[in-house]
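Undergrad: Okay, here's the prediction I keep looking at, along with the sequence it came from:
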Number of protein chains: 2
Amino acid sequence: MKDSNALERSSNAGVVGRKPRVVILGGGFAGLNAAKSLAGAPVEVVLVDKENYHLFQPLLYQVATAGLSSGDIATPIRSILRHEDNVSVRMAEATGIDRDSRRVDLADGSIFYDYLMVATGTRPKYFGPDRWRKHSTPLKTVDDAIALRRQILYAFERAEQADDAETIEEWLTFVVVGGGATGVEMAGAIREIAAEVMVRDFRTIEPEEARVILIDAMPAVLNGYPEELSEHARQELEDRDVEVILDSPVEDIREDRVEVDGQTIQTRTVVWAAGVEPTPLVQSLGVETTDGGQVPVAPDLRLQEDSRVFALGDIAYLEDDDGQPLPGIAPVAIQQGNHAARAIRDLVDGESTQAFDYRDRGMMSTIGRKSAVGVVGNWHLKGFLAWLAWLFIHLLFLIGFRNKLSVMINWAYSYIAFGRGSRLIVGDVHERNALPAETDTDSESEAA
Amino acid sequence: MKDSNALERSSNAGVVGRKPRVVILGGGFAGLNAAKSLAGAPVEVVLVDKENYHLFQPLLYQVATAGLSSGDIATPIRSILRHEDNVSVRMAEATGIDRDSRRVDLADGSIFYDYLMVATGTRPKYFGPDRWRKHSTPLKTVDDAIALRRQILYAFERAEQADDAETIEEWLTFVVVGGGATGVEMAGAIREIAAEVMVRDFRTIEPEEARVILIDAMPAVLNGYPEELSEHARQELEDRDVEVILDSPVEDIREDRVEVDGQTIQTRTVVWAAGVEPTPLVQSLGVETTDGGQVPVAPDLRLQEDSRVFALGDIAYLEDDDGQPLPGIAPVAIQQGNHAARAIRDLVDGESTQAFDYRDRGMMSTIGRKSAVGVVGNWHLKGFLAWLAWLFIHLLFLIGFRNKLSVMINWAYSYIAFGRGSRLIVGDVHERNALPAETDTDSESEAA
């Protein structure tokens, strides 16, 4: 630590009054909280993100299932950081990192740093042939969510127009691959709009007969939760007529079907929620990563190899006191962002940094209307009260007054009227959507 | 009229109990109101639209300028017509009309009618070389509005990243071609977000110095309004620092400039609001159209040539008692939709149809915050009261409780906090946006 501080001081020695520059890559939970916590510190902060907004990812599935619009869960980063005078925001994609010259290459230039925080998060991880990527849609970005919403809503339209029972069933079958939080939420929500929203709008088909099938290679949904809660979630899904296929890795995904466990499921809509991996940018750090592609960090969240570089959030690998890796969830990212900011303040003060200590406040997942599971310390929550708690916590964390209010109204409306206000099919489905029947070319351009 | 009724009866004679089928093409103001007014009539109604939503077009410019999200001004057609048991909705694009066999060809099939209502509205009209279409964006669909929003917001980001004053100015110059209601609203709103919203979010550039230039070939903005109000609107725009260039047709639009009146304006963002023309579908009716491409209709809104076919809304040409063509505005379309529905009821009752009589309740246009102009009978409205009236009327007409509430909240929020809640750049600007500097290929796919 001492060495690096000496280095820092010497590198600034020639430039009287120049504040150290902290470059933060990624405006997710980790990066954004780091930037906010650096407000007023004697450093110049540049937050770089390829989007102009911070996304509240835990509610992204609501955009994909027409419960919220994208504006409800995303806020321009510039607005959030408007009052932090020492923080500037740059909308650009980081394409590489050169640690030797302390430079980040951007799609349209480059930027030098004194300290770097890499917090670029994850992207969907695919295994299996390339066509899997083509014939399924992930849920990681706003664009993914809008694409999924279009596909799901359009599937009902196609079913309504079809003449034969087989085609109708194919369009009314939705497969979700991956039984983690995202998969469970998506399966529950698709089943919900089919049975409670769509059912009122269609004349020919019976939307409530839509099949929703959740597939996971593991023997339980919501891995990482206590067995009792996993089992409760599975039971709740089945009570809502979601078919849950466990212990069965997907064998194939084609334009009109999914193969699993020896069965062929005819379907036109496949949600890919089977896992994520760090963005490829982390490779340009040139450090050894874990099998999952994460960057191991020292207890203070800096690289072992480079005391000027922090890795934060989902891309960082750090174990807790019990030797368990910290999960890739928002609370970890938020606390790490805040911790890294504190470390920077210590470093510019010439003090040594502290070890990151994760305060586990629990985790929650919702299964659908009135149902959720959660772990808070030794408490296991489930059912309606867990759902209320989930609702409350998510509203609380949403950034920005307007969003909170608007989300609350949308939810209240959904809850009272089952309306699903954002049920628009935007974008030209005929051209842009990965509709296998019509656009089964070799181009991969429509995939992720 | 008698002939056609005889024909109608005979064509149904062989099919006991089969109700006549009314096919409505287009779920805009005309088509949607026709469908609603046919609720409970002894006919089978099929409303066909290529989108799944009805769009409240008068507020589309608010989506383009980040004041509202698309979900606020669009409602699924199925939801609106949920309770009309004799109405079904089909999401499909109509590609042709064969009047001899009373058939509409759809992108994915065909449908036969006893009566047809064509209400497919207009699309942007271009004059000048093809590159004009490529280097400007119209404002007609939700996708257009989202593309424009992306371009406008992205222009500020690009300006912030630029190094030289010339490039910054280029990105901060916005040209609106066409001084009709859409052009005036867009120019006013872009100026407003620059001066009152963006100004708080950027560090390097001065968004309030953004130039907004409104160009029209005619000597006044808001043609069709009394001269006093046109002049007031021009004055209001100039008071808000919009540069208004009148009497000057655009001479050229290129990737980085607009040429008009001998000047070259360096710009990266051009809004095309210079006119509309009926959708090409009306050509397949095989009737003679006006110079503007509209379909002349008989006083009861049916074609002169075919008593089974109605033309409604913006595509129909009909003169009022003073010999003036009815304008292409929502109230005309709404009243025509209702009238056509009444005519159908008369026809199936074996009665003769009535002539359409437009009840002119006036028209309004907004220029920006606290400013609008309107004509109601002999009254000329302008200023703050006109704006309040405009606000009230638009809220009143928005379909659906939730939308009204959500719009009201967004507006109240904008008004109090100048927040512009929907300021997200969605879609991949680098790939999909018509950014001339980066994607100046020959492909026209990103245009219109």
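TA: Happy to help now that I have it.
Undergrad: Point me to the residue of the stretch 1-150 of chain A nearest chain B.
TA: Among residues of the stretch 1-150 of chain A, the one nearest chain B by Cβ to the nearest Cβ turns out to be A:Arg78. It sits 3.7 Å away. C-betas here are computed from N, CA, C, even on glycine.
Undergrad: Once you drop chain neighbours, what's closest to that residue?
TA: The spatially closest residue to A:Arg78, leaving aside those adjacent along the chain, is B:Asp201, at 3.7 Å (Cβ to Cβ, 6 or more residues apart in numbering or on different chains).
Undergrad: any idea how far B:Val212 is from that neighbour?
TA: According to Cβ to Cβ, to the nearest Å, B:Asp201 stands 18 Å off from B:Val212.
Undergrad: When the two are compared, which one has more neighbours?
TA: Between B:Asp201 and B:Val212, counting by other Cβ atoms under 10 Å in any protein chain shown, B:Val212 is the more crowded of the two (26 against 20).
Undergrad: Quick check: what element follows the helix or strand harbouring the more buried one along the chain?
TA: Applying DSSP states H and E as the criterion places B:Val212 in strand B:211-215. Past strand B:211-215, further along toward the C-terminus, the next helix or strand under DSSP H and E is helix B:227-239.
Undergrad: Tell me, how many residues neighbour A:Arg131?
TA: By other Cβ under 10 Å, the burial measure for A:Arg131, its neighbour count, is 17.
Undergrad: For it, give me its contacts.
TA: A:Arg131 makes contact with A:Ile253, A:Arg254 under the criterion Cβ atoms under 8 Å, 6 or more residues apart in numbering or on different chains.
Undergrad: Count the residues that sit near the residue of the stretch 1-150 of chain A closest to chain B.
TA: Here the number of neighbours of A:Arg78 (other Cβ under 10 Å) works out to 26.
Undergrad: Next, it: phi, psi?
TA: Dihedral pair for A:Arg78: phi -60, psi -40, per degrees, to the nearest 10.
Undergrad: Pass me the low-pLDDT residue ranges in the stretch 301-448 of chain A, would you?
TA: Along the stretch 301-448 of chain A, the model assigns pLDDT under 70 to residues A:398-448.
Undergrad: could you pull out the strands for it?
TA: Secondary structure of the stretch 301-448 of chain A (DSSP state E, counting those that start in this stretch): strands located at A:309-311, A:316-317, A:363-368, A:371-376, A:379-383.
Undergrad: Output the third one as CSV - backbone C-alpha positions only.
TA: Going back to what we said before, that points to strand A:363-368. C-alpha atoms of strand A:363-368 as CSV (Å, rounded to 0.1, in the frame of the first residue of the first chain):
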residue,chain,number,x,y,z
MET,A,363,-31.9,-11.3,-0.4
MET,A,364,-35.3,-11.7,-2.0
SER,A,365,-37.0,-13.0,-5.1
THR,A,366,-40.5,-12.6,-6.2
ILE,A,367,-42.5,-15.4,-7.9
GLY,A,368,-45.5,-13.3,-8.9
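Undergrad: I'd guessed A:Leu222 sits against A:Ser230; true?
TA: Yes. A:Leu222 lies in contact with A:Ser230 (Cβ atoms under 8 Å); the separation is 4.9 Å.
Undergrad: Could you check how far A:Ile215 is from chain B?
TA: Spatial separation of A:Ile215 from chain B under the definition Cβ to the nearest Cβ, to the nearest Å is 29 Å.
Undergrad: cool, A:Glu157 as well?
TA: Here the distance between A:Glu157 and chain B works out to 4 Å (Cβ to the nearest Cβ).
Undergrad: part of a strand, is that residue?
TA: No. With the criterion set as DSSP: H, G, I helix; E, B strand; the rest coil, the secondary structure at A:Glu157 is helix rather than a strand.
Undergrad: That one against B:Lys50, yeah?
TA: No. In this structure A:Glu157 lies outside contact range of B:Lys50 using Cβ under 8 Å: 10.8 Å.
Undergrad: Good, wrapping up.
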